[in-house]
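**Student:** Provided below are the primary sequence and the corresponding predicted coordinates.
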Amino acid sequence: MAKRLLITGATGFIGSQVAALAAEGGWELQTEKFDILSPGETERAIARLRPTHLIHLAWYVEPTHYWTSPANARWADASIHLFRCFARHGGERLVGVGTSAEYDWSGNDPLSESKTALAPATAYGESKKRVGEEAAAICRDQQISGSWARLFLVYGPGEPASRFVPTAIRAFLENRPVQCADPVARDFLHVRDAARALLTLAATNVKGAVNIGSGTAATLRAVAERIGASVDAYATTSDAPFVVADTTRLREEAGFAPEIPLERGLRETVAWWRERYRR
């Protein structure tokens, strides 16, 4: 039986990579534009398309605003409605996309699906946490398979220009210094690896929360130095966390391992931006 895959947010930074890899991998892609924030449109679209698999990436992602925006609540309600429609109309395997911001960031150990408390500090993290909990309940009640993919820091070609990696690259290309005071260790994952991980999850029966990250740590300063930027570091204090994924479930249960190391991925991303400066 054909695996009919619907990807919401399929034209976005991550979604476009998921869609391209899915097409190469023989998935039957369901491509129809509809307004997820409209319950009626969502119901009608899912009833027409009847996808067997769903990867839900669409969300409010306005740079700098999405952390605190009240729009998060609307997107949470719309996502829950989407999942219910999917289950009602023959859905078999659901992959919802969450965030590392659902976790308590006060510790110094890798963030674990089973060991780290959920204590989001932002409206974005809180809304994603609520959707993840509702997704688990829908899957349980409707007896369908589902995973909640908690993304860490995804970077790569096509990333929104206001985020850290593109900002540092553009500064390097323009011979400007990069201010980088944050000493926190973070988990960077190339966008193609993130897309492969989501498709891998969609093709498995791994249930529950699964971290999508590299499992390795790098400070923003170290990343900027690798990019080749001039880092203008200054003294700072911070109680921010060690935001790195424990990828045991992803590795051992889903059978996934990243293929693109940070240094190679950054070189590729610098080349992508350099090409745009030449145009």
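**Tutor:** Sure, I can see it.
**Student:** residue contacts, Ile46?
**Tutor:** Leu6, Leu82, Cys85, Phe86, Arg88, His89, Gly91 (CB atoms under 8 Å, 6 or more residues apart in numbering). To be clear about C-beta, it is placed using only N, CA and C from the backbone, and glycine gets the same treatment.
**Student:** ok, Thr68 touching Gly125?
**Tutor:** No: in this structure, Thr68 is not within contact of Gly125 by CB atoms under 8 Å, at 10.5 Å.
**Student:** The two - which one has more neighbours?
**Tutor:** Neighbours per residue (other CB atoms under 10 Å) separate Thr68 from Gly125, with Gly125 holding more: 21 against 11.
**Student:** Could you pull out the buried residues of stretch 161-181?
**Tutor:** Buried residues in stretch 161-181, counted by 16 or more other CB atoms under 10 Å: Phe164, Val165, Pro166, Thr167, Ala168, Ile169, Arg170, Ala171, Phe172, Leu173, Val178, Cys180.
**Student:** in the stretch 51-200 of the chain, which spans are helices?
**Tutor:** Using DSSP state H, counting those that start in this stretch, the helices of the stretch 51-200 of the chain run over 71-88, 123-142, 164-173, 191-203.
**Student:** So which elements touch the longest one?
**Tutor:** Helix 123-142 sits against helix 71-88, strand 93-99, strand 145-151, with contacts defined as 3 or more CB pairs under 8 Å, 6 or more residues apart in numbering; DSSP states H and E.
**Student:** quick one, it and strand 145-151 angle?
**Tutor:** If you take axes from the mean of the first three to the mean of the last three CA atoms, to 10 degrees, helix 123-142 sits at 170 degrees to strand 145-151.
**Student:** a markdown table for the helices and strands packed on helix 123-142, including mean pLDDT?
**Tutor:** Output for the helices and strands packed on helix 123-142, formatted as a markdown table (pLDDT from 0 to 100):
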| stretch | mean pLDDT |
| --- | --- |
| helix 71-88 | 98 |
| strand 93-99 | 98 |
| strand 145-151 | 98 |
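**Student:** Pipe these into JSON lines and attach mean neighbour count and distance to Ala245 per row.
**Tutor:** Formatted as JSON lines, the helices and strands packed on helix 123-142 follow (neighbours: other CB atoms under 10 Å; distance: least, CB to CB, whole Å):
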{"stretch": "helix 71-88", "mean neighbour count": "20", "distance to Ala245": "22"}
{"stretch": "strand 93-99", "mean neighbour count": "25", "distance to Ala245": "11"}
{"stretch": "strand 145-151", "mean neighbour count": "24", "distance to Ala245": "8"}
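**Student:** Distance to Gly15 for the ones you listed - can I get that in a markdown table?
**Tutor:** Output for those, formatted as a markdown table (distance: least, CB to CB, whole Å):
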| stretch | distance to Gly15 |
| --- | --- |
| helix 71-88 | 14 |
| strand 93-99 | 9 |
| strand 145-151 | 12 |
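**Student:** out of those, which comes closest to Ala218?
**Tutor:** Evaluated over the helices and strands packed on helix 123-142, closeness to Ala218 peaks at strand 145-151, with 16.3 Å, by CB to CB.
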